[in-house]
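**Student:** Attaching a predicted model along with its sequence, questions to come.
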Protein chains: 2
Amino acid sequence: MPNPRLFSLKSDSIPRATIQRLALYVQVLEDLQREGADVISSESLAKACDVNPSQIRKDLAYFGKFGVRGVGYYIQDLIASLKRCLGIDHTWKTVLVGVGNLGRALLNHKEFKLRGFEVIGAFDCDPFKIGEEVSGLEVMCTKRLMEKSHELGVEIGIITTPPERAQRAANHLVEAGIKGILNFAPARITVPEHVVLEYVDFFHHLYSVAFNITLSQQK
Amino acid sequence: MPNPRLFSLKSDSIPRATIQRLALYVQVLEDLQREGADVISSESLAKACDVNPSQIRKDLAYFGKFGVRGVGYYIQDLIASLKRCLGIDHTWKTVLVGVGNLGRALLNHKEFKLRGFEVIGAFDCDPFKIGEEVSGLEVMCTKRLMEKSHELGVEIGIITTPPERAQRAANHLVEAGIKGILNFAPARITVPEHVVLEYVDFFHHLYSVAFNITLSQQK
């Protein structure tokens, strides 16, 4: 179970973009650590993350004081602090609903555990998929979500169903007492206020690529 | 080919978050249109997008004046304007490199064309995959990217390779004259300045879910 007092925030509201950048910092710092680095200056970290140095200092300031003047950041300490800040210093038990192409791709993704998330259940309502083994997990009927979630202590649910089934999947997850949902289905869904909801819509990124190409052609 | 003078910006630099929200507005407006709506108030649009109304007005203000006082937004006009702003009022010819689980999931995704992107080529360097048909496309050797891109007039490349092959895929795409890259591989890559680069990293969203659960448990 997560420690209820993991860190004390300097501010009550942290911009969503800051959280996503913190996640990026962790990823880049872990790469640097694997390459054998111990210390990094805020300028070099900024460059590696493609963010400006003042942005990094501002982002970190939400969570306390990091770095040593004239030295930079101790990589191992900064990773540990950022992971504590993000709540990923323990492993989050996660389930996935919707074992289509995308669901399979995610179940076969090797980095979940490394990044602090353990996918311990895969669910689908298609009788042809139930019982099938995908990446070491037996696909179970979505109706068993509540029973299994309680048994396994699941905290996060990932939705990879077709859009028309996303709300039903969300309802099952909410009933099962899940605390947060990551929705990959291209459909807006509603959940009670106490459930954390995030969307992954890669079309937004594709639009951003198209927009920036268009913009660069106007110059 | 995109029109070089699609719209005139009120400002030279549009925040990345604004672009992603514009994409969301298009998605929500298209859903509303399919449901038969003609006009929507900025409050209702805000609610449907889960964004506050002043944010929407601010986002749209970058691109000009939209909406009619006391009426709201004409949905069809606003969709057309936003699509023009985003550069998705024409179809972008797109290729995908890396036909693994995620690549297959994307190739089978039905919304590309609907959203303004046409995937016209799938590439992989694995000889066992070359020649295979996925979602109506014959998988081609990555070495043929340049020849095929010129032949087909490709503008955008999607990378879905394993992380260690992402940079090589990017190099092939850059050599082939591609204008923008969307990278799904969990690896930072470098491209020349004239090439637009965006990342999709769903772990950032997963971290955000974990963080917000942790935060809600501290209250």
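**Tutor:** Structure received. The model shown is predicted, which means the values in this text are computed figures rather than measured ones. Residues are numbered from 1 along each chain as shown, chains lettered A, B, ... in the order given.
**Student:** So what sits opposite residue A:124 in the bridge?
**Tutor:** Applying DSSP bridges to residue A:124 yields these beta-bridge partners: residue A:141.
**Student:** secondary structure class for residue A:215?
**Tutor:** Put simply, residue A:215 is helix when judged by DSSP: H, G, I helix; E, B strand; the rest coil.
**Student:** Mind pulling up the pLDDT for it?
**Tutor:** In this model, residue A:215 is scored at 82, pLDDT.
**Student:** Distance check, it against residue B:149.
**Tutor:** Distance from residue A:215 to residue B:149, counting by C-beta to C-beta, to the nearest Å: 22 Å. Where you see a C-beta, it was placed from the backbone N, CA and C, and this is true even at glycine.
**Student:** try residue A:87
**Tutor:** Distance from residue A:87 to residue B:149, by C-beta to C-beta: 43 Å.
**Student:** same question, residue A:99
**Tutor:** Distance from residue A:99 to residue B:149, by C-beta to C-beta: 34 Å.
**Student:** What of residue A:56?
**Tutor:** From residue A:56 to residue B:149 the distance is 36 Å (C-beta to C-beta).
**Student:** try residue A:145
**Tutor:** As judged by C-beta to C-beta, residue A:145 and residue B:149 stand 45 Å apart.
**Student:** Kindly report the same for residue A:211.
**Tutor:** Distance from residue A:211 to residue B:149, by C-beta to C-beta: 21 Å.
**Student:** For residue A:83, identify the helix or strand it belongs to.
**Tutor:** For residue A:83, the host element (DSSP states H and E) is helix A:75-86.
**Student:** Tell me which residues of that helix come out buried.
**Tutor:** Under the neighbour-count criterion of 16 or more other C-beta atoms under 10 Å in any protein chain shown, helix A:75-86 has A:75, A:78, A:79, A:81, A:82, A:83, A:84, A:85, A:86 buried.
**Student:** Do a quick rundown of the strands in chain A.
**Tutor:** In chain A, the strands defined using DSSP state E lie at A:39-40, A:73-74, A:92-97, A:117-124, A:133-134, A:137-141, A:156-159, A:180-183, A:196-199.
**Student:** Turn those strands into CSV, including mean neighbour count.
**Tutor:** Formatted as CSV, the strands of chain A follow (neighbours: other C-beta atoms under 10 Å in any protein chain shown):
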stretch, mean neighbour count
strand A:39-40, 19
strand A:73-74, 20
strand A:92-97, 24
strand A:117-124, 22
strand A:133-134, 13
strand A:137-141, 17
strand A:156-159, 27
strand A:180-183, 25
strand A:196-199, 20
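**Student:** For residue B:139, which of those strands is the nearest?
**Tutor:** Among the strands of chain A, the nearest to residue B:139 by C-beta to C-beta is strand A:133-134 (22.5 Å).
**Student:** for that closest one, the distance to its chain's centre please.
**Tutor:** Between the centre of strand A:133-134 and the centre of its chain there are 23 Å (C-alpha atoms, centre = their mean, to the nearest Å).
**Student:** list the helices and strands that strand packs on?
**Tutor:** Counting contacts by 3 or more C-beta pairs under 8 Å, 6 or more residues apart in numbering or on different chains; DSSP states H and E, strand A:133-134 packs against helix A:101-107.
**Student:** helices or strands up against the helix it packs on?
**Tutor:** strand A:92-97, strand A:117-124, strand A:133-134, helix B:101-107.
**Student:** residue contacts, the closest residue to residue A:107 other than its chain neighbours?
**Tutor:** Distances taken as C-beta to C-beta, 6 or more residues apart in numbering or on different chains put residue A:135 closest to residue A:107, at 4.2 Å, once the chain neighbours are dropped. Counting by C-beta atoms under 8 Å, 6 or more residues apart in numbering or on different chains, residue A:135 touches A:104, A:107, A:108.
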